[in-house]
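Trainee: The amino acid sequence is not available; the structure is as follows:
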């Protein structure tokens, strides 16, 4: 549910764009309102405003507002590039600000929340992961704006929906394989095989 909520603005944008017969301005209104609702509902339900949600809202407010005010769809097309650019810069700066990079601290917090413990990786592996994200976000930002200027709005929307989804799938699968190969065998067993190896004792208890 939380993951679906994180993608609320994007879902609303694509939904309105295709449902309205490809009206980019109506879709812009939708993503702007959905970004605001994401912050309000997130605070009401979880009593917390996610930094990522706040970043998305601010960028959407600026570039979506300019799109609607000036009736120029190119501004909303810049939105993903700006978001990816900010993420790349923040992660790159976070690599040097502390002993543990920003990405490492974020991932370890998610591991504790989801697994109950931190999967061990050496500092070199965290550096490779961090630089990979910086380069990937930079690639997405550059690719987005190239398509925005060289192709139609319809192609741009479809590529964001299909092309970026496929790119994300390939990228995150690659990261998963990288992390898996770096783990000691006992950690692989702990992550992926311990639960499957446990016998089902429920039949004996009945």
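Mentor: It's in. Because the structure is a prediction, the values reported are computed rather than measured.
Trainee: residues near residue 112, how many?
Mentor: Neighbourhood size, residue 112 [other CB atoms under 10 Å]: 11. All C-beta spots, glycine's among them, are computed from the backbone N, C-alpha and C.
Trainee: what's it in contact with, if anything?
Mentor: residue 118 (CB atoms under 8 Å, 6 or more residues apart in numbering).
Trainee: ditto for residue 14
Mentor: By CB under 8 Å, 6+ apart, the neighbours of residue 14 are 27, 157, 161.
Trainee: Just the ones of those residues in helices?
Mentor: Applying DSSP state H to the contacts of residue 14, the entries found in helices are 27, 157.
Trainee: By neighbours, which of the contacts of residue 14 wins?
Mentor: Among the contacts of residue 14, residue 27 has the most neighbours (other CB under 10 Å), with 25 neighbours.
Trainee: how far away is it from residue 12?
Mentor: 8 Å (CB to CB, to the nearest Å).
Trainee: swap in residue 144?
Mentor: 19 Å.
Trainee: So between those two, which is more surrounded?
Mentor: Using other CB under 10 Å as the criterion, residue 144 and residue 12 rank with residue 144 on top: 24 against 20.
Trainee: helix, strand or coil for that one?
Mentor: helix (DSSP: H, G, I helix; E, B strand; the rest coil).
Trainee: ditto for residue 99
Mentor: Per three-state DSSP, the local secondary structure of residue 99 is coil.
Trainee: neighbours of it, just the number please.
Mentor: By other CB under 10 Å, neighbour count at residue 99 equals 6.
Trainee: Need phi/psi at it.
Mentor: When quoted as degrees, to the nearest 10, the phi and psi of residue 99 stand at phi -60, psi -40.
Trainee: pLDDT value on it, please?
Mentor: On pLDDT, residue 99 comes in at 76.
Trainee: still on that earlier bit, turn the contacts of residue 14 into a markdown table, columns for distance to residue 8 and pLDDT.
Mentor: Output for the contacts of residue 14, formatted as a markdown table (distance: CB to CB, whole Å; pLDDT from 0 to 100):
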| residue | distance to residue 8 | pLDDT |
| --- | --- | --- |
| 27 | 14 | 97 |
| 157 | 17 | 97 |
| 161 | 15 | 95 |
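Trainee: Show me which positions of stretch 167-183 end up buried.
Mentor: Using 16 or more other CB atoms under 10 Å as the test for burial, stretch 167-183 gives 179, 182, 183.
Trainee: ok, the contacts of residue 14 vs residue 97, which is closest?
Mentor: residue 161 (35.0 Å; CB to CB).
Trainee: Give me the nearest residue to that closest one, chain neighbours excluded.
Mentor: residue 14 (5.7 Å; CB to CB, 6 or more residues apart in numbering).
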